[in-house]
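A.B. asks: 3D model of this:
(one chain, ligands or ions: 1)
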Amino acid sequence: MLPLSLIWNGHITPIAHPVASLFSVVFLVLLALTTALRAWLAWRQLRSVRAHRDAVPPAFAERIPLADHRKAAAYTEAKLRAGLIELGVDAGLLLLTFGGLLAGFDRFWHTLFPDGGHAYGLALFASVGLTGFLAGLPFALYRTFVIEARFGFNKTTPGLFVADLARQLLLTVLIGAPLLLAVLWLMAAMGERWWLWVWLAWLGFNLLVMLLYPTLIAPLFNKFTPLADGEIRTRVEALLARCGFASSGLFVMDGSKRSAHGNAYFTGFGRAKRIVFFDTLLDKLAPGEIEAVLAHELGHFKRRHLWKRIAVLGTVSLALLWLLGQLIDQPWFYAGLHAGTGGTAMALILFSLVLPVFAFPFAPLFSWLSRRHEFEADAYAARQSSAGELVAALVKLYRDNAATLTPDPLYSLFHDSHPPASERIGRLQAAG
Ligand SMILES: [Zn+2]
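C.D. replies: Modelled structure (predicted):
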């Protein structure tokens, strides 16, 4: 038998190659399967939330009124329904993309930039990105101005929505375009091992963003004011001293500008790290509860969860870039997805569009890791602050954010980075 490569070079055109057809079929089957899996999970979640909507789970019965529990069920259901429609639109868009849209973009930009250089690459990325953005826009509008508004969460005005979009677009162009150019350049200039160089650049870029985000990017969207003196500040500073945590500041963010949902987070690293409370959170929680929430965030820091995440994501992205390095010279990769002539920009686009389809079945792995971290942070908070106060804070947050207390376990395993409410509260109560 002749080696495949000889047949390839001698007699058969790339489009007709059996590997291309096989890849085409594998991709379509996987797209159908993951879309069906997502829809089935959403249906299970709907069923679970509906089945429990008329009774507050016993562990929460004293603290969450039935009316709030029903509101959480209706809110969850509204989001799931919109999500199901978006799922269909996304699958359709992917089919359309590989059914000729991408090849059309490819041809069009090749006529304008016949040498297929970096201008062609940028234009191809811009057209694919813009298509995805336009397809997602109606859903973003519906979520913000219909669902969030109906349940009393939305505070975003249409003017702010547009201003946010403009700021995001500007950031994408100012940061995304140079990054993309750097990646395309590395891919062209670094020979066979380009994927290693792209990985290093990507890692460096992410660390840089983490360093600059709190002071340069986040303030473009929100106002940050130092936490005022008072009982909260005193308690928080005592907690920080107790845990041996040095930070460059405690800030309050005007989250109420966009939404009534409350949160707290911890951002940056090294000396740039800061703790941020949403003003909506400070309004809702008592000082002891705020201290417990912060202790949970400090738990993430003390157990080095951020670095563990970076290590996992870094390893995964290195493996993926290596894989792309193997695919980039295979004609069947482009032919199988009807993606024109190929090249570095096209390979990157194909990979980023196809990857989520192949990656979704692995989602439980990442949520398992994330849940382990949440439990560890809860345990830290129980030791350094108070399990009881953290439970009280979490119950208030579940209630005020209309988060469901009765998720379907399987849906939750694929979609939720945090453990289900009952499991989390159960462990904390056992610890306290
Ligand atoms: Zn957490």
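
A.B. asks: use CA for all of it now, contacts and neighbours both
C.D. replies: Will do.

A.B. asks: What count of nearby residues applies to L101?
C.D. replies: 18 (other C-alpha atoms under 10 Å).

A.B. asks: If you could redo that for S259, that was the one I meant.
C.D. replies: 17.

A.B. asks: Quick check: L227 touching D254?
C.D. replies: No - look at L227 against D254 with C-alpha atoms under 8 Å: they stay out of range, at 11.8 Å.

A.B. asks: Give me the secondary structure label for A246.
C.D. replies: Following DSSP: H, G, I helix; E, B strand; the rest coil, A246 is assigned to coil.

A.B. asks: Tell me the pLDDT of the nearest residue to I328 once chain neighbours are set aside.
C.D. replies: Distances taken as C-alpha to C-alpha, 6 or more residues apart in numbering place A347 nearest to I328, at 5.9 Å, with adjacent residues excluded. pLDDT for A347: 92.

A.B. asks: Around A347, how many other residues sit close by?
C.D. replies: 19.

A.B. asks: pLDDT score assigned to G204?
C.D. replies: pLDDT for G204: 94.

A.B. asks: Pop out the phi and psi values for G129.
C.D. replies: Phi and psi for G129, reported as degrees, to the nearest 10, are phi -60, psi -40.

A.B. asks: gap between it and R242?
C.D. replies: 47 Å (C-alpha to C-alpha, to the nearest Å).

A.B. asks: again, but for R274
C.D. replies: 17 Å.

A.B. asks: Which parts of the protein are strands?
C.D. replies: Remark: strands assigned in the chain by DSSP state E are 224-226, 250-253, 264-267, 274-278.

A.B. asks: Out of these, which gets the lowest mean score?
C.D. replies: Least confident of these, judged by mean pLDDT, is strand 264-267 with a mean of 82.

A.B. asks: for that strand, which positions count as buried?
C.D. replies: For strand 264-267, the buried set under the neighbour-count rule, 16 or more other C-alpha atoms under 10 Å, comprises A264, F266, T267.

A.B. asks: Just send these back as TSV, with distance to W368 too.
C.D. replies: Listed next are those as TSV, based on distance: C-alpha to C-alpha, whole Å:
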residue	distance to W368
A264	22
F266	21
T267	22
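
A.B. asks: Which of those lies at the shortest distance from G99?
C.D. replies: T267 (41.9 Å; C-alpha to C-alpha).

A.B. asks: who's in contact with stretch 106-126?
C.D. replies: With contacts defined as C-alpha atoms under 8 Å, 6 or more residues apart in numbering, stretch 106-126 is touched by F105, A177, L180, L181, L184, W185, A339, G340, T344, A345, M346, I349.

A.B. asks: From these, which land in helices?
C.D. replies: Cross-referencing the contacts of stretch 106-126 against helices under DSSP state H gives F105, A177, L180, L181, L184, W185, T344, A345, M346, I349.

A.B. asks: of all those residues, which two lie farthest apart?
C.D. replies: Within these, F105 and W185 form the most distant pair, 21.2 Å apart (C-alpha to C-alpha).

A.B. asks: For stretch 417-427, which residues meet the burial criterion?
C.D. replies: Buried residues in stretch 417-427 (16+ other C-alpha under 10 Å): S417, H418, P419, P420, A421, S422, R424, I425.

A.B. asks: Kindly report the same for stretch 31-43.
C.D. replies: L31, T34, T35, R38, A39, L41, A42, W43.

A.B. asks: again with stretch 18-25
C.D. replies: Residues of stretch 18-25 classed as buried: V19, A20, S21, F23, S24 (neighbour count, 16+ other C-alpha under 10 Å).

A.B. asks: Repeat that for stretch 104-123.
C.D. replies: F105, D106, R107, W109, H110, G116, H118, Y120, G121, L122, A123.

A.B. asks: ok, now stretch 52-68?
C.D. replies: H52, R53, V56, P57, F60, I64, D68.

A.B. asks: Also stretch 399-409?
C.D. replies: If you call a residue buried by 16+ other C-alpha under 10 Å, then stretch 399-409 has these buried ones: R399, D400, N401, A402, A403, T404, L405, T406, P407, D408.

A.B. asks: can you pull the contacts of the fifth one?
C.D. replies: Looking back up the chat, that one is A403. Counting by C-alpha under 8 Å, 6+ apart, A403 touches A72, T76.

A.B. asks: how about the buried residues of stretch 31-43 in TSV, adding pLDDT and distance to L84?
C.D. replies: Shown next, in TSV, are the buried residues of stretch 31-43 (pLDDT from 0 to 100; distance: C-alpha to C-alpha, whole Å):
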residue	pLDDT	distance to L84
L31	94	15
T34	96	13
T35	96	10
R38	97	8
A39	97	7
L41	98	10
A42	97	7
W43	98	9
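
A.B. asks: nearest to E148, of those?
C.D. replies: E148 lies nearest to A42 out of those, by C-alpha to C-alpha, at 19.2 Å.

A.B. asks: Hmm, L80 and that closest one touching each other?
C.D. replies: Yes - using C-alpha under 8 Å, A42 is in contact with L80, at 6.5 Å.

A.B. asks: if we can go back for a sec, among the ones in helices among the contacts of stretch 106-126, which ones are buried?
C.D. replies: Buried among the ones in helices among the contacts of stretch 106-126 (16+ other C-alpha under 10 Å): F105, L180, L181, L184, W185, T344, A345, M346, I349.

A.B. asks: Next, format the residues you listed as a markdown table and append distance to L250.
C.D. replies: Conversion of these to a markdown table gives the following (distance: C-alpha to C-alpha, whole Å):
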| residue | distance to L250 |
| --- | --- |
| F105 | 48 |
| L180 | 35 |
| L181 | 37 |
| L184 | 40 |
| W185 | 41 |
| T344 | 44 |
| A345 | 42 |
| M346 | 44 |
| I349 | 40 |
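
A.B. asks: what's the closest of the residues you listed to Y213?
C.D. replies: L180 (19.1 Å).

A.B. asks: Give me the residue ranges of the stretch 201-350 of the chain where confidence is low.
C.D. replies: For the stretch 201-350 of the chain, the stretches with pLDDT under 70 are 271-272.

A.B. asks: need the helices for it, in chain order.
C.D. replies: Taking DSSP state H, counting those that start in this stretch as the criterion, the stretch 201-350 of the chain carries its helices at 218-221, 231-243, 279-284, 287-302, 305-327, 331-336, 344-359.
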